[in-house]
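Asker: A structural model of the following input is requested.
(one chain, ligands or ions: 2)
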Amino acid sequence: MEELKIGLVGTGAIGRTHIERINNTLQGAKVVGCADANVDFCKSVAEKYAIKAWESGEEMIASDEIDAVVVTTLDPFHEQYVMAAIKAGKYVFCEKPLAPEADACKRIVEAEMAAGKQLVQVGFMRRYDPGYNQLKKAIDSGKYGLPLMLHCVHRNYDAPGFTTSMPVENSMIHEIDVLRWLLGENYKTAEVVFPKTTRNAEGELRDPQIMYLTTESGVRIDVESFVNCRYGYDVRCEVVCEEGCLNLPEPANAMIRTNDSRVTPICHDWSERFPEAYNIEFQSWINACKEGRVDGPSAWDGYTAQVTAKAASKARDTQSVVEIKYDAMPDFYKK
Ligand SMILES: NC(=O)C1=CN([C@@H]2O[C@H](COP(=O)(O)OP(=O)(O)OC[C@H]3O[C@@H](n4cnc5c(N)ncnc54)[C@H](O)[C@@H]3O)[C@@H](O)[C@H]2O)C=CC1
Ligand SMILES: O=C1[C@H](O)[C@H](O)[C@@H](O)[C@H](O)[C@H]1O
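Answerer: Ligands and ions are numbered 1, 2, ... in the order given. Next comes the predicted model:
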């Protein structure tokens, strides 16, 4: 079967890692064109990978040179390119979040339903991480009883340009999606509190933040976001069950004995922490596109995550506990 010809919009940090993995590691597809608002930089990326640089992302998406689309622009511009892909009837992988606003996610859902075929996958890659899959297998086994509490940490070394809404709506959106997937249920309430703010936070950013979620069955979750921790990239998830406690595995880095000490390096950023998850996610997406289906996180998952994030943002801004209300999932999205 012919290779899937992919057009990628957004040749920034993660966009380039996705070109690298699709063209040099994975099977069955090639990124053959790219576009970006920064046209000159886009041309330099296109030259590096010997692919076509397009002045317009929409023109690239509409072209018969492209079979499928990857969107890796900044969050506010996801919608325009996802919509262009739906209009062209092409499969589209959109990095998380689907869109910063729940209304925009709903517009995408409605456009996809009107097109009559699921085309959209959202880049919630932690569902593909072997570590999170070990947690899910252990929970689903029932060996340890029911989950009661989850204690999570999502720390970045730094996060240039972050504003106070982004720890929830851009960063902890990962936990919002993966924990819903892990536990197999939606949330009921959200709350966000501010510990003491680090002097390393830019401008008005409140950092760290702690988000508290309760699920429909009463599981209590706390997620700490610290996007300027200044020691590395640190993601943890502890699931406390009735008869056992499950911890997300950390990368097995060698311990180094030096200078009268023992040192075990940790990751510096997302690209080092989850390389396998990204590769499994994209190989699965390529295979599904070639078989004419979407089997990853859908536009409805993207919408549900953003509804949750917006409830958490309301809780943060009002310093209150907010009850979360979800629309019923349309049959269109039921597996
Ligand atoms: N799944 C994951 O773990 C991660 C996901 N992401 C997501 O990937 C996306 C990109 O993030 P980064 O690569 O870190 O950002 P970046 O800032 O490195 O790259 C964004 C690119 O988008 C381009 N751009 C901005 N507006 C545009 C427009 N209107 N049309 C076309 N191009 C435009 C910029 O010129 C830039 O090249 C974000 O949505 C982010 O949430 C980022 C890091 C990790
Ligand atoms: O998706 C990501 C990364 O996974 C980081 O952990 C987040 O903090 C970052 O904001 C986001 O783009």
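
Asker: Show the contacting residues for the closest residue to ligand 2 within the stretch 1-150 of the chain.
Answerer: At 6.1 Å from ligand 2, residue 96 is the closest residue in the stretch 1-150 of the chain, using Cβ to the nearest ligand atom. To be clear about C-beta, it is placed using only N, CA and C from the backbone, and glycine gets the same treatment. Applying Cβ atoms under 8 Å, 6 or more residues apart in numbering to residue 96 gives the contacts 122-124, 173-174, 177, 302, 305.

Asker: From these, which land in helices?
Answerer: Of the positions in these, 173-174, 177, 302, 305 sit in helices, assigned by DSSP state H.

Asker: top of those residues by neighbour count?
Answerer: Most neighbours among the ones in helices among the contacts of residue 96, by other Cβ atoms under 10 Å: residue 302, with 30 neighbours.

Asker: What sits closest to that one if chain neighbours are left out?
Answerer: Spatial nearest neighbour of residue 302, chain neighbours left out: residue 98 (2.9 Å); criterion: Cβ to Cβ, 6 or more residues apart in numbering.

Asker: before we move on, the earlier item: would a markdown table of the ones in helices among the contacts of residue 96 with distance to residue 130 and pLDDT be doable?
Answerer: Formatted as a markdown table, the ones in helices among the contacts of residue 96 follow (distance: Cβ to Cβ, whole Å; pLDDT from 0 to 100):
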| residue | distance to residue 130 | pLDDT |
| --- | --- | --- |
| 173 | 21 | 98 |
| 174 | 16 | 98 |
| 177 | 17 | 98 |
| 302 | 23 | 98 |
| 305 | 22 | 98 |
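
Asker: Per-residue pLDDT of residue 335, please?
Answerer: pLDDT for residue 335: 82.

Asker: number of nearby residues for it?
Answerer: Neighbour count for residue 335, taken as other Cβ under 10 Å: 4.

Asker: Residue 222 now?
Answerer: 15.

Asker: Ok, residue 179 next?
Answerer: 25.

Asker: For the residue lying farthest from the centre of the chain, give me its contacts.
Answerer: Distance from the centre of the chain peaks at residue 260, with 40.1 Å (Cα atoms, centre = their mean). For residue 260, the contact set (Cβ under 8 Å, 6+ apart) is empty.

Asker: Could you do the one 10 residues further on as well?
Answerer: Contacts of residue 270 were listed using Cβ under 8 Å, 6+ apart, and they are 14, 233.

Asker: Mind doing that once more with 7 Å?
Answerer: Listed by Cβ atoms under 7 Å, 6 or more residues apart in numbering, the contact set of residue 270 reads residue 233.

Asker: what helix or strand is residue 206 on?
Answerer: Assigned by DSSP states H and E, residue 206 belongs to no helix or strand.

Asker: swap that for residue 160, sorry
Answerer: With DSSP H and E as the test, residue 160 turns up in no helix or strand.

Asker: And for it, the neighbour number?
Answerer: Counted with other Cβ under 10 Å, the neighbours of residue 160 add up to 7.

Asker: which residue packs closest to it, ignoring adjacent ones?
Answerer: Leaving aside its chain neighbours, residue 160 sits nearest to residue 202 (7.1 Å; criterion: Cβ to Cβ, 6+ apart).

Asker: Am I right that the one you found falls within a strand?
Answerer: No - in this structure, residue 202 is coil, not part of a strand, as judged by DSSP: H, G, I helix; E, B strand; the rest coil.

Asker: mind checking pLDDT for it?
Answerer: The model reports residue 202 with a pLDDT of 96.

Asker: what's the answer for residue 185, then?
Answerer: So residue 185 comes in at 97 (pLDDT).

Asker: cool, and the one 10 residues further on?
Answerer: The pLDDT attached to residue 195 in the predicted structure is 98.

Asker: what's the spacing between the nearest residue to residue 177 once chain neighbours are set aside and ligand 1?
Answerer: In this structure, residue 177 finds its nearest non-sequential neighbour in residue 124, 4.2 Å apart by Cβ to Cβ, 6+ apart. As judged by Cβ to the nearest ligand atom, to the nearest Å, residue 124 and ligand 1 stand 8 Å apart.
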